[in-house]
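**Q** No letters, just coordinates:
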């Protein structure tokens, strides 16, 4: 029996072709994808294509589009065995992270991929990324899906979606998962590390709640830290600090942070380092965060911390406090034993 995969095309380089009159990249008619990549007809799965009515550049992808994708997967969940989302590369990790929180307890694979070069380019990486992603999206054993989470496949590597980040705008190997091992690798054989895969704890459920009153703020030496007090609208701030959680050691710093907390603003702390994460108390310049009740983002990516904040901030489906829920490992986004 052939597995059924729903391919959702949102936009991005993978669905572009060059207009030789203008020299610019323009979207092609994605309904012709089987003609452009005839190898798709040889796969051991049935592929149905659902393109966005109007392709969206990844820089324009946001909460509305995330909800559209999540709702379409929910609507078609019983009809398909797996899902593949084609997406622009610049914000794919944001979308993957957001979907991982909205598509709770997935029992089927949701794979995301894209490409650095258009599908019609002679040196394109699009074909391999697309074909192998379809394999992963249709991978079953003993009538059960092997992958039950949102994952990103790019340049021979399968990564947990909410652990992924784009680190190169130039190389085909554009994505990394610095704080969690790769889930699988494509070579002569299609390998997968089953012990590393996320295991759902309940039945599949859709929760598209997103609160957009979240700001991301990166500190830097010499900045006017009091400028944070001029922020009027945020209900949560993801604060990206130095190293393992340090910030300027001054009374002004504590005064500003305490004032933000007094206003009811949640503060999540993540590291500017790609690898590693936050460890309050390791250095004295991090103790201030414990004093004001800030939340350690541990080893989360910025993309994951931001979208997790958006999802749980005043979400009526969570009965616990923001602090308690954010500190939990919801779907593999943090290393629980990270100190």
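**A** Done, it's in. On a predicted model such as this, the values are computed, not experimentally measured, just so you know. Numbers count the residues shown, from 1 in each chain.
**Q** What distance do you get for residue 232 to residue 310?
**A** Shown here: residue 232 relative to residue 310, a distance of 18 Å by C-beta to C-beta, to the nearest Å. The way it works is simple: take the backbone N, C-alpha and C, and place the C-beta from them, glycine included.
**Q** my guess is residue 127 is in a strand, correct?
**A** No. With DSSP: H, G, I helix; E, B strand; the rest coil as the criterion, residue 127 is helix rather than part of a strand.
**Q** quick one: the strands in the stretch 101-250 of the chain?
**A** Secondary structure of the stretch 101-250 of the chain (DSSP state E, counting those that start in this stretch): strands at 103-104, 110-113, 140-141, 144-145, 150-154, 157-160, 165-166, 175-176, 184-186, 190-192, 205-206, 214-218, 236-241.
**Q** Where among the ones you listed is average confidence lowest?
**A** Averaging pLDDT over each of those singles out strand 190-192 as the lowest, with a mean of 92.
**Q** List the strands paired with it, with their directions.
**A** Applying DSSP bridges to the sheet, strand 190-192 is found paired with strand 184-186 (antiparallel).
**Q** Only the buried residues of the strand it pairs with, if you could.
**A** 184, 186 (16 or more other C-beta atoms under 10 Å).
**Q** can you give me the offset of that strand from its chain's centre?
**A** In terms of C-alpha atoms, centre = their mean, to the nearest Å, the centre of strand 184-186 is found 19 Å from the chain centre.
**Q** Now do that strand: everything it contacts.
**A** Outside strand 184-186, the residues that touch it by C-beta atoms under 8 Å, 6 or more residues apart in numbering are 128, 132, 135-136, 153, 156-158, 190-193.
**Q** among the residues you listed, which ones are buried?
**A** Going by neighbour count (16+ other C-beta under 10 Å), the contacts of strand 184-186 have 128, 132, 135-136, 153, 156-158, 192 buried.
**Q** now, which of those sits nearest residue 144?
**A** Within the set of those, residue 192 lies nearest residue 144; the separation is 13.5 Å, counting by C-beta to C-beta.
**Q** ok, that closest one touching residue 147?
**A** Yes. Distance between residue 192 and residue 147: 7.4 Å, which falls inside the contact criterion (C-beta atoms under 8 Å).
**Q** Common neighbours of these two, please.
**A** Counting by C-beta under 8 Å, 6+ apart, the residues touching both residue 192 and residue 147 are 136, 139, 158, 183.
**Q** For the nearest residue to residue 330 once chain neighbours are set aside, the count of nearby residues, please.
**A** The spatial neighbour of residue 330 that comes closest, neighbours along the chain excluded (C-beta to C-beta, 6 or more residues apart in numbering), is residue 101 at 6.4 Å. Using other C-beta atoms under 10 Å, residue 101 is surrounded by 25 other residues.
**Q** cool, and residue 303?
**A** The local packing of residue 303 (other C-beta under 10 Å) involves 24 other residues.
**Q** How about residue 148?
**A** 18.
**Q** Double-check it against residue 200; I have them as touching.
**A** Yes. Contact status for residue 148 versus residue 200: in contact at 5.4 Å, counting by C-beta under 8 Å.
**Q** shared neighbours of these two, which are they?
**A** Residues touching both residue 148 and residue 200 comprise 106-107, with contact defined as C-beta under 8 Å, 6+ apart.
**Q** in the stretch 201-339 of the chain, what spans have low per-residue confidence?
**A** Per-residue confidence for the stretch 201-339 of the chain (pLDDT under 70) gives these ranges: 339.
**Q** ranges for the helices of it?
**A** 251-262, 287-292, 302-312, 322-327 (DSSP state H, counting those that start in this stretch).
**Q** Including distance to residue 117, could these go into CSV?
**A** Formatted as CSV, the entries for the helices of the stretch 201-339 of the chain read as follows, by distance: least, C-beta to C-beta, whole Å:
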stretch, distance to residue 117
helix 251-262, 44
helix 287-292, 43
helix 302-312, 23
helix 322-327, 38
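**Q** Compare these and give me the one nearest residue 25.
**A** helix 302-312 (24.6 Å).
**Q** need the contact list for residue 51.
**A** 8-9, 15, 30-31.
**Q** roughly how far apart are it and residue 248?
**A** Residue 51 is 49 Å from residue 248, where distance means C-beta to C-beta.
**Q** Now the phi/psi pair for the nearest residue to residue 233 once chain neighbours are set aside, please.
**A** Ranked by C-beta to C-beta, 6+ apart and with sequence neighbours excluded, the top spatial neighbour of residue 233 is residue 213, at 5.8 Å. Its backbone dihedrals place residue 213 at phi -80, psi 50, with angles given as degrees, to the nearest 10.
**Q** Helix, strand, or coil at residue 83?
**A** strand.
**Q** give me the number of residues near residue 222?
**A** 6.
**Q** what about it, distance to residue 247?
**A** Using C-beta to C-beta, one obtains 13 Å as the distance from residue 222 to residue 247.
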